[in-house]
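[1] Need coordinates for the below:
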Amino acid sequence: MPSLHNLAAPAKLNLFLHITGRRDDGYHLLQSVFVLIDWADTLHIDTRDDGQLQRHDLGPALPTDDLCLRAARLLQKESGTSQGADIHIDKQVPWGAGMGGGSSDAATVLLALNQLWGLHWHRDRLAELAVQLGADVPFFIHGHNAWVEGIGEQIMPIALPAELISTPLAVLKPPVVVPTQAIFASPHLSRDTEAATISLFLAAPKCFGRNDLQAPAERYNSQINQALEIMQRRFGNSRMTGSGSAVFSWLEAPATNQSFTPADVSLDDPSWAGRLCRVLGRHPLFDALT
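    Next up is the predicted model:
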């Protein structure tokens, strides 16, 4: 049966995240820049002719019915195919980090099965389907760094300066998992940040804006504050991504010999995760799974 192995599912970071308002239905309006980074899960997918969908965890155990299986089941239903799949996941991106790891896995499953099952749907059609799985999944389907607005559904590719892509980031993830709903419901969340423009962002992309979700997340758990302070002391800048709990810092120079782990900031607790990352120009599977 056809197979695709060593498929990357890269994480993302929000370089900033502004909440600019709230709709009558309760959904928050946002502006953000999503960037793909080279911290990634790896998937191996084999097709089956019995219609069954099975997931096999090569690393940490995932929830029984995760986004990967939901994505495969949704595509199977919408396409009417009788084929199934074995989905093997080597999970490296920490979950509950605000880095979109589960959404990226689901997008890679959709892209791979679209090819393996011989559907050859257009990327836009897959993205429309992906909305049912979560707001971040279409971003990974499109595969470009992007300016994001609305409730996350307005995704515009953005060309980042070469200097930004060449500068490493250190990412640190404390053990705490932050429930997104609790952060958006927080009375400490600012919901009236003035709308920005792409040109304003590009004028100072490393330090533009803020993450409006950071203040309520810091109040939710002190580990986020601890992570931010550690990174600020070490690198002179720090910001939370998404709704947390991972934080990131830009390094001063695009040196190639640097490394970063929690041990580098005197954290020997194995429940913390961290590594040095780089921004990707686009999704590593963009050309392979079109």
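[2] For residue 208, which residues are in contact?
    Residues in contact with residue 208 (CB atoms under 8 Å, 6 or more residues apart in numbering) are 15-16, 196, 200-201. For glycine as for every other residue, the C-beta is placed from the backbone atoms N, C-alpha and C.
[3] and the gap between the nearest residue to residue 6 once chain neighbours are set aside and residue 65?
    The shortest distance from residue 6 to any residue that is not its chain neighbour, by CB to CB, 6 or more residues apart in numbering, is 6.1 Å, and that residue is residue 42. Using CB to CB, to the nearest Å, residue 42 is found at 21 Å from residue 65.
[4] which one of these two has more residues nearby?
    Each of residue 42 and residue 65 had its neighbours counted (other CB atoms under 10 Å), and the higher figure belongs to residue 42 (18 against 10).
[5] Following the chain onward from the helix or strand harbouring the more buried one, which element is next?
    Under the criterion DSSP states H and E, the helix or strand holding residue 42 is strand 28-48. Proceeding C-terminally, strand 28-48 gives way to strand 53-57 as the next helix or strand, assigned by DSSP H and E.
[6] Run the chain-centre distance for that next one.
    Here the centre of mass of C-alpha atoms in strand 53-57, compared against the chain's by CA atoms, centre = their mean, to the nearest Å, lies 21 Å away.
[7] Remind me what whichever helix or strand comes after it packs against, helices and strands.
    Scanning the chain past strand 53-57 towards its C-terminal end, the next helix or strand to appear is helix 67-79 (assignment: DSSP H and E). Using 3 or more CB pairs under 8 Å, 6 or more residues apart in numbering; DSSP states H and E as the contact criterion, the secondary-structure elements in contact with helix 67-79 are strand 53-57, strand 84-90, helix 101-116, helix 123-130.
[8] Convert the C-alpha atoms of the strand holding residue 42 to PDB, please.
    As requested, the backbone C-alpha atoms of strand 28-48 are provided in PDB (Å, rounded to 0.1, in the frame of the first residue of the first chain):
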ATOM      1  CA  HIS A  28     -12.700  37.500  19.900                       C
ATOM      2  CA  LEU A  29     -11.200  39.500  17.000                       C
ATOM      3  CA  LEU A  30      -7.500  39.400  16.800                       C
ATOM      4  CA  GLN A  31      -4.400  40.400  14.800                       C
ATOM      5  CA  SER A  32      -1.300  38.400  14.800                       C
ATOM      6  CA  VAL A  33       1.700  37.200  12.800                       C
ATOM      7  CA  PHE A  34       2.100  33.400  12.700                       C
ATOM      8  CA  VAL A  35       5.500  32.100  11.800                       C
ATOM      9  CA  LEU A  36       6.500  28.500  11.200                       C
ATOM     10  CA  ILE A  37       9.500  27.300  13.200                       C
ATOM     11  CA  ASP A  38      11.800  24.200  12.900                       C
ATOM     12  CA  TRP A  39      10.600  22.500  16.100                       C
ATOM     13  CA  ALA A  40       8.500  19.800  14.500                       C
ATOM     14  CA  ASP A  41       6.700  16.500  15.000                       C
ATOM     15  CA  THR A  42       7.400  13.700  12.500                       C
ATOM     16  CA  LEU A  43       4.600  11.600  10.900                       C
ATOM     17  CA  HIS A  44       4.700   8.400   9.000                       C
ATOM     18  CA  ILE A  45       1.500   7.400   7.200                       C
ATOM     19  CA  ASP A  46       0.600   4.100   5.500                       C
ATOM     20  CA  THR A  47      -2.700   3.500   3.700                       C
ATOM     21  CA  ARG A  48      -5.000   0.600   4.400                       C
END
